[in-house]
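**Q** Structure for the following, please:
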Amino acid sequence: MTGVDYYDIAADLTEQERSVWETVRGFVDEKVIPVAGGFWERAEMPLDLLKEYGQLNLVGDGLQGPGVPSLSHTAAGLVTMELSRGDGSFATMLGVQAGLAMRSIAFLGSPEQKERWLPPMARLEVLGAFGLTEPDHGSDAVALATTARREGDEYVLDGAKRWIGFGTVCDVCVVWARGEDGQVQGFLVERGTPGFEATVIEGKASLRAIHNAHITLTGVRVPAANRLPGANSFRDTGRVLSATRAGIAWGALGHALAAYETALAHSLERKQFGQPIGSFQLVQDKLVRMLAEVTAMQLFCLRVGKLADAGRLTDTQASLAKVNATRKARAVTAMARDLLGGDGILLENRVARHMADVEALHTYEGTESIQTLIVGRHLTGLSAFT
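**A** Prediction:
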């Protein structure tokens, strides 16, 4: 039931983790995979399917808080892996919701903010967004230009954000802005707040079924009670980002699994020269290489999950996980596309969609290049950032 598991990693999981894996895999096989190609091609967000997923009580990404299901970090990783195996856009929706928006509130919010927002967000009754990236600040998000100034019992926000998942449909958006003291602060901007304008970024070739927004903030007034009290510098923002980075590794693993599973099935069904192509040496070589990469990624991610569960996962370990996983996922999806030949470019065969979606994972939550420099700085003690 748990799919590809050549080195029996299931044996090292708890009963709850195995149960979560099987539950999400079943949902993905039954509900997501049959329709994913359609909503991806139409660039249409499957919000009804998202609500249905919310009924599984698995939205929380290993967080602790009121109304949030109790999941280990390993279980949360397995959830991300399986959702990504089904569709990258669907997995990213849950990543934005739990990994970024809910995590910001759980890590940095007041008790009142947690009580108000976390329970309905965990049920997917309320959607959240995370507004950090700006038109001129991506990898250098620490230099963000959006401003927040205090006026009585309110803060006034001005600036712009870009590439914000759920930005056009969210009920609450965590907006990061620079306060009058020069430090980065976080604010909860609720749906319908005057001056908050979000438009869909059109023409994406990756993660097409989650809408990303360009947001402008013009004199947006936020009650002082909506400021995240634990967000007082970019270091606090970084706590949220670092915690989600390992999840990207699990997501990349899911894309690689989808490509490998599709390639293996195709090799047994497709006949050329009177026999299944799986009998050819070059095809078997590709399959074995893909399996080796997928298995190594599984072991890598499992270790990351166990380190996180023990409270010992470091920022640089999370960065290395993302670097390795997105590189390997790109290689595996490319091999699968090659193995499928002409069929590899058809959306119905899944591989091209996963291949395109991996490109977004390679970039978001800190580009592969930036993560490499973070790890390199840790190894050498020398910064290569300019």
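**Q** so what's Leu347 closest to, chain neighbours aside?
**A** Gly37 (4.5 Å; C-beta to C-beta, 6 or more residues apart in numbering). Bear in mind the C-beta positions are built from the backbone N, C-alpha and C, glycine included.
**Q** my guess is the one you found contacts Arg353, does it?
**A** Yes: if you go by C-beta atoms under 8 Å, Gly37 and Arg353 touch, sitting 6.4 Å apart.
**Q** so what sits against both of these two?
**A** Residues touching both Gly37 and Arg353 (C-beta atoms under 8 Å, 6 or more residues apart in numbering) are Leu347.
**Q** The two: who's more crowded?
**A** Shown here are Gly37 and Arg353; by other C-beta atoms under 10 Å, Arg353 has more neighbours (27 against 18).
**Q** Now for the more buried one: which residues touch it?
**A** 36-37, 40, 87-88, 347.
**Q** Are we agreed that it is in a helix?
**A** Yes: counting by DSSP: H, G, I helix; E, B strand; the rest coil, Arg353 is found in a helix.
**Q** measure it to Asn324 for me?
**A** 23 Å (C-beta to C-beta, to the nearest Å).
**Q** ditto for Ser104
**A** 26 Å.
**Q** ok, those two, which is more surrounded?
**A** Higher neighbour count among Ser104 and Asn324: Ser104, with 27 against 20, using other C-beta under 10 Å.
**Q** Which parts of this protein are helices?
**A** All helices of the chain, identified by DSSP state H, fall at 15-27, 33-41, 47-54, 73-86, 88-94, 103-108, 111-122, 234-269, 281-309, 315-339, 351-363, 368-380.
**Q** ok now the longest one, how far from the chain's centre?
**A** If you compare the mean C-alpha spot of helix 234-269 with that of the full chain, they lie 8 Å apart, counting by C-alpha atoms, centre = their mean, to the nearest Å.
**Q** what angle do it and helix 351-363 make?
**A** 160 degrees (axes from the mean of the first three to the mean of the last three C-alpha atoms, to 10 degrees).
**Q** elements contacting helix 234-269?
**A** helix 73-86, helix 88-94, helix 103-108, strand 184-190, strand 275-276, helix 281-309, helix 315-339, helix 351-363 (3 or more C-beta pairs under 8 Å, 6 or more residues apart in numbering; DSSP states H and E).
**Q** same thing with the fourth one?
**A** Using 3+ C-beta pairs under 8 Å, 6+ apart as the contact definition, the elements that helix 73-86 packs against are helix 15-27, helix 88-94, helix 234-269, helix 281-309.
**Q** if we go to 10 Å?
**A** Secondary-structure packing of helix 73-86 (3 or more C-beta pairs under 10 Å, 6 or more residues apart in numbering; DSSP states H and E): helix 15-27, helix 33-41, helix 88-94, helix 234-269, helix 281-309, helix 351-363.
**Q** can you list the domains in this structure?
**A** 9-122, 128-232, 235-380 (automatic domain parsing).
**Q** Reformat the ones you listed as CSV; add distance to Gly3.
**A** What follows is these, written out as CSV (distance: least, C-beta to C-beta, whole Å):
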stretch, distance to Gly3
domain 9-122, 6
domain 128-232, 22
domain 235-380, 7
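**Q** Could I get those domains in JSON lines, plus columns for mean pLDDT?
**A** Output for the domains of the chain, formatted as JSON lines (pLDDT from 0 to 100):
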{"stretch": "domain 9-122", "mean pLDDT": "96"}
{"stretch": "domain 128-232", "mean pLDDT": "96"}
{"stretch": "domain 235-380", "mean pLDDT": "94"}
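**Q** From Val294, how far off is the residue nearest to Leu347?
**A** Counting by C-beta to C-beta - Gly37 and Val294 are separated by 22 Å.
**Q** No more questions from me, cheers.
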